[in-house]
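Student: could you look at this predicted model? Sequence included:
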Amino acid sequence: MTAAIELNGITVRYGDVLALDDVHLSVAPGRVCGLLGMNGSGKSTLFKALLGLVPTDHGRIRILGRSSATARRKGLLGYVPQSEQVDWAFPVQVHDVVMMGRYAHMGPRRRPRAADREAVDHALRRTGLTELAGRQIGALSGGQRKRAFVARALAQGPDVLLLDEPFTGVDKRSEKTITELLLQLRLAGHTLLVSTHDLAQVPTLCDEAVLLQNRVIAHGPPEQVLEPDVLLESFGINPDQEETWTR
């Protein structure tokens with residue numbers, strides 16, 4: 001079976017800083033993999049490498065057997081970043097933001113067709129934003145904004161979805177909505193790579209987890225990766241000390 005996400009010996013440097021060191025990771029289709037690690041461990045760099053946004057010194061990346069560029073061009077790979085560099089005062093509506101997820105499916109003029117409008121409406125319903133579709137994006141709460149960008153990724157229709165800290169800074173309603181949605185996507189056969197610092201949520205949400213500290217420290221079932229001995233050996237921390245992961 002072709003892996004949904006495959007990294008073989010990926011190394012990334014920022015000048016003299018070694019961000020990723022010989023990273024090997026394979027995630028099968030239809031799995032939810034939690035990406036764990038403290039700040040500076042390389043999680044965001046790993047996402048950028050998967051998206052083809054940073055050059056790699058060594059190694060090979062494949063998304064469903066294709067290069068990152070091909071997977072993105074075909075709309076197979078979606079991404080929800082931890083934060084968006086957005087002018088929140090810009091007069092763009094939630095519906096328009098979500099429609100951006102359909103650009104890969106449109107022609108050069110980016111004129112929405114019936115399938116595009118249907119995909120956007122479906123994504124808005126799944127994220128509980130239908131009633132807010134006409135609202136200016138900057139008028140939303142933090143949790144609603146996060147859901148809007150999750151909806152944008154869903155509208156794209158990707159088979160593989162990368163989510164960088166999707167629960168950070170969101171309200172309880174948005175956290176519940178996003179969690180339920182991710183579980184539904186798993187049941188539908190999508191592959192998800194989700195970075196999170198909420199260790200307590202990992203066993204419920206994820207089929208497997210990978211512990212990253214610029215290289216892969218552990219990869220397997222959540223209960224094995226979250227063993228206190230593994231965390232203590234790798235980071236010198238207790239898994240209950242969640243604040244250590246968010247500094």
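Tutor: Received it, and whenever you're ready, just let me know what you need.

Student: can you list the weak-confidence ranges in this structure?
Tutor: 83-88, 233-247 (pLDDT under 70).

Student: quick check: the spatially most central residue of the chain vs residue 81, distance?
Tutor: Geometric centre of the chain, nearest residue: residue 163, 1.4 Å, by C-alpha atoms, centre = their mean. Distance, residue 163 to residue 81, using C-beta to C-beta, to the nearest Å: 9 Å. C-beta: built from backbone N, CA, C; applies to glycine.

Student: would you map the helices across this structure?
Tutor: With helices called from DSSP state H, the chain shows them at 43-51, 68-73, 94-99, 114-126, 142-156, 172-187, 202-205, 222-225, 228-235, 243-246.

Student: so which of these is nearest residue 212?
Tutor: Across these, residue 212 has its closest neighbour in helix 43-51 (5.9 Å, C-beta to C-beta).

Student: for that closest one, packing partners?
Tutor: Packing contacts for helix 43-51, counted by 3 or more C-beta pairs under 8 Å, 6 or more residues apart in numbering; DSSP states H and E, involve strand 5-14, strand 17-27, strand 58-63, helix 68-73, strand 77-80, strand 160-164, strand 191-195.

Student: in JSON lines, list the ones you listed along with distance to residue 94.
Tutor: Shown next, in JSON lines, are these (distance: least, C-beta to C-beta, whole Å):
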{"stretch": "strand 5-14", "distance to residue 94": "29"}
{"stretch": "strand 17-27", "distance to residue 94": "31"}
{"stretch": "strand 58-63", "distance to residue 94": "28"}
{"stretch": "helix 68-73", "distance to residue 94": "23"}
{"stretch": "strand 77-80", "distance to residue 94": "15"}
{"stretch": "strand 160-164", "distance to residue 94": "19"}
{"stretch": "strand 191-195", "distance to residue 94": "23"}
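
Student: quick one, what contacts residue 135?
Tutor: 93-94 (C-beta atoms under 8 Å, 6 or more residues apart in numbering).

Student: how much space between it and residue 94?
Tutor: 6 Å.

Student: touching, residue 59 and residue 11? I think so.
Tutor: Yes: contact between residue 59 and residue 11 holds when scored by C-beta atoms under 8 Å: they sit 6.0 Å apart.

Student: what residues are shared contacts of those two?
Tutor: 22-23.

Student: related to what we said a few turns ago, nearest to residue 193, out of the helices of the chain?
Tutor: That would be helix 43-51 among these, by C-beta to C-beta, at 7.6 Å.

Student: can you get me the centre-to-centre distance for the closest one and its chain?
Tutor: 10 Å (C-alpha atoms, centre = their mean, to the nearest Å).

Student: try stretch 173-190
Tutor: 12 Å.

Student: going by neighbour count, list what's buried in it.
Tutor: For stretch 173-190, the neighbour count (16 or more other C-beta atoms under 10 Å) marks 174-175, 177-178, 181-182, 185-186, 190 as buried.

Student: let me know the closest of those to residue 109.
Tutor: residue 190 (29.6 Å).

Student: which residues does the closest one contact?
Tutor: 30, 158-161.
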